[in-house]
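# Take this sequence and fold it.
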Amino acid sequence: MSTIVADDHDLHVDHSHDGPVKGWRRWVYATNHKDIGTMYLIFSLAMFFSGGLMALIIRTELFTPGLQFIDPAFFNQMTTMHALIMVFGAVMPAFVGLANWMIPLMIGAPDMALPRMNNWSFWILPVAFSILGSTLLMPGGAPASGWTMYPPLVLQTGDAFPFLIFSIHLMGLSSIMGAINVIVTIINMRAPDMTLLKMPMFVWTWLITAYLLLAVMPVLAGAVTMLLTDQFFGTSFFLAAGGGDPVMFQHIFWFFGHPEVYIMILPAFGVVSEIIPTFARKPLFGHDSMVYAASSIAFLSFIVWAHHMFTVGMPLTGQMFFMFATMLIAVPTGVKVFNWTATMWKGSMTFETPMLFSLGFLFLFTIGGFSGLMLAIVPADIQYHDSYFVVAHFHYVLVPGSIFGLMAAVYYWLPKWTGHYYNERQGQIHFWLSTIFVNMTFFPMHFLGLAGMPRRIPDYSTQFSDFNSVASIGAIGFGLSQLLFVYIVYQCAQKKGPKATTAVWDNPQGLEWTVPSPAPYHTFDTPPRITSSTAFS
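Numbering: from 1, shown residues only. Take a look at the predicted model:
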């Protein structure tokens, strides 16, 4: 870092500060995309455990009927905080961290386009979540309105209310800056020969995600600002007593909220589209159709928001439109699932940890998609609405979807980030524990919902106790399993594993290929060796 020093005669360069920046300055003033990506990933891991702890408080209370450990108001605060922290603090920053690390490497750029803004967009997040967390210590406690913040319920929050709104504004500001950075980097800084359709799928899904973020985060900011003015400035946007309409808030919120769920899953689609071809040792089947499918999903996500609101009393025409538009999203999603399956067809597959998490993603995300189709059907949804069936649906999309996608990405790129392999055996144990416990947690919730158990309640009827006990045991098991993940990543970061080769997934850790026996009149070569350029396309 050279400093220009002026004197009476001329300008000269002071080299006294040259050399790598070390210590805390390296991180606080970071403009290197890899350092900022690392900070995003570490921050999101901390938020993942914070939000997970709140989930365990919820599931411990629900282990048996009755009120055991916490009072109902605190239970509702936990459901709200768990959701806000997981969505805005764990999943979204983790994908931004992956984008920071990998997009410049994948498109041949020296760094992100706007490195100082990149630094700012990260450092806003610890401030935002400190403010959000501090609401737990305020008189009246944290908000207890769910992450949806529906009025008039959220307006009864008390002292914590303006802090909640301010923290959400900060989270949105961070997301918008991150999205601008991704778009400018991808559009302006690609290698000379890299046309748009030559870009890897991870880059494509992030480009689409960034445009979604730019479109919807200001909508959320507008909605929560109107809540603020209703509370403190005498407006009546959502107050029925003043001529406002609380349902209008739902329309505005879900116009943000539905594209938001695709913001949390599209980068995972990109990750899986990188990993499956690597371990199937074949190119991705239908790359261009995958791009068009992801774009179609993004477009359709804007015209389905009211399927969250079938019970508010909307006209039949509105119900029909949103029902059919929602079903239409299943088409491009199906294209992606079939293309991933076709990529694996007749491939020389091996099942290292990233591939296992990608396959877990594929199977379990599809279950979440099927229950989503069930919820799209209006007469069925009126029965399922606000039941545990909905909880099961969106957790199958977000945990084995987004979280498994993130874990697959971390295992896949760890050797590239650290220069060392992680412990493959421990990684596979982590996968199987996570998969068993995630199904144990969320699969029983389908049955609870179909049987009529409402969501967001600390107490329930005794007929629901067995499935709730199973779900609570599963949640505790899943939470404890993630400690193994932290241990594996830490060991790899400490360079305890064997050194990674230049072609990272080319026969990692001395694995033997199994070559099929030659058929008559045919010759079989050994499975194609993949290179680092393929593995990290």
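# any idea which helix or strand carries residue 208?
helix 201-232 (DSSP states H and E).
# Let me see the contact set for residue 304.
Contact partners of residue 304, counting by CB atoms under 8 Å, 6 or more residues apart in numbering, are 258, 322, 325-326, 329. From N, CA and C alone the C-beta is placed, and that goes for glycine too.
# Those residues in helices, which ones?
Among the contacts of residue 304, the members falling in helices (DSSP state H) are 258, 322, 325-326, 329.
# circling back to that earlier point, any chance of the contacts of residue 304 in JSON lines, with pLDDT, distance to residue 157 and neighbour count too?
Shown next, in JSON lines, are these (pLDDT from 0 to 100; distance: CB to CB, whole Å; neighbours: other CB atoms under 10 Å):
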{"residue": "258", "pLDDT": "96", "distance to residue 157": "24", "neighbour count": "22"}
{"residue": "322", "pLDDT": "97", "distance to residue 157": "30", "neighbour count": "22"}
{"residue": "325", "pLDDT": "97", "distance to residue 157": "34", "neighbour count": "18"}
{"residue": "326", "pLDDT": "96", "distance to residue 157": "32", "neighbour count": "24"}
{"residue": "329", "pLDDT": "95", "distance to residue 157": "34", "neighbour count": "23"}
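# Tell me who's in contact with the residue minimising distance to the centre of the chain.
Centroid-nearest residue in the chain, with CA atoms, centre = their mean: residue 91, separated by 3.3 Å. Contacts for residue 91 (CB under 8 Å, 6+ apart) come out as 44, 264, 398, 402-403, 406.
# Of those, just say which sits nearest to residue 375.
Proximity of the contacts of residue 91 to residue 375 was ranked by CB to CB; the top entry is residue 398 with 14.6 Å.
# all helices of the stretch 101-250 of the chain, in order?
Counting by DSSP state H, counting those that start in this stretch, the stretch 101-250 of the chain has helices at residues 115-134, 161-188, 201-232, 246-263.
# so which of the ones you listed comes closest to residue 426?
Judging these by CB to CB, what sits closest to residue 426 is helix 201-232, at 25.4 Å.
# and the closest one, what does it pack onto?
helix 92-107, helix 161-188, helix 246-263, helix 266-280, helix 287-300 (3 or more CB pairs under 8 Å, 6 or more residues apart in numbering; DSSP states H and E).
# what ranges do the strands span in the stretch 1-150 of the chain?
For the stretch 1-150 of the chain, the strands defined by DSSP state E, counting those that start in this stretch cover 3-6, 11-14.
# coming back round to it: quick check: of the contacts of residue 304, which lies closest to residue 67?
residue 258 (34.2 Å).
# count of residues packed around the closest residue to residue 50 other than its chain neighbours?
Spatial nearest neighbour of residue 50, chain neighbours left out: residue 85 (5.7 Å); criterion: CB to CB, 6 or more residues apart in numbering. For residue 85, the count of nearby residues is 25 (other CB atoms under 10 Å).
# now swap in residue 494 and tell me
Neighbour number of residue 494 under other CB under 10 Å is 10.
# what's near enough to touch residue 454?
386-388.
# Going by neighbour count, which of these comes out on top?
Result: residue 388 is most packed of the contacts of residue 454 (other CB under 10 Å), 29 neighbours.
# That one contacts residue 457, correct?
No. Contact criterion CB atoms under 8 Å: residue 388 and residue 457 do not qualify, at 9.6 Å.
# Can you flag the weakest of the strands of the stretch 1-150 of the chain by average pLDDT?
Ranked on mean pLDDT, the bottom entry among those is strand 3-6, at a mean of 38.
# now residue 135: how far from residue 449?
30 Å (CB to CB, to the nearest Å).
# With residue 380 instead?
From residue 380 to residue 449 the distance is 11 Å (CB to CB).
# more crowded one of those two?
Neighbour totals were compared for residue 380 and residue 449, and residue 449 leads with 24 against 15 (other CB under 10 Å).
# low-scoring stretches of the chain, by residue?
The chain contains residues with pLDDT under 70 at 1-19, 506-537.
# tell me the phi and psi of residue 142?
The phi/psi pair for residue 142 (degrees, to the nearest 10) reads phi -70, psi 170.
# and the nearest residue to residue 253 once chain neighbours are set aside, how many residues sit next to it?
Distances taken as CB to CB, 6+ apart place residue 223 nearest to residue 253, at 5.4 Å, with adjacent residues excluded. When neighbours are defined as other CB under 10 Å, residue 223 has 25 of them.
# Repeat that for residue 62.
When neighbours are counted by other CB under 10 Å, residue 62 comes out with 23.
# now swap in residue 294 and tell me
25.
# In contact with it, which residues?
Neighbours of residue 294 in contact, by CB under 8 Å, 6+ apart: 201, 204-205, 208, 266, 269-270, 332, 336.
# Which of those ranks first by neighbour count?
residue 205 (30 neighbours).
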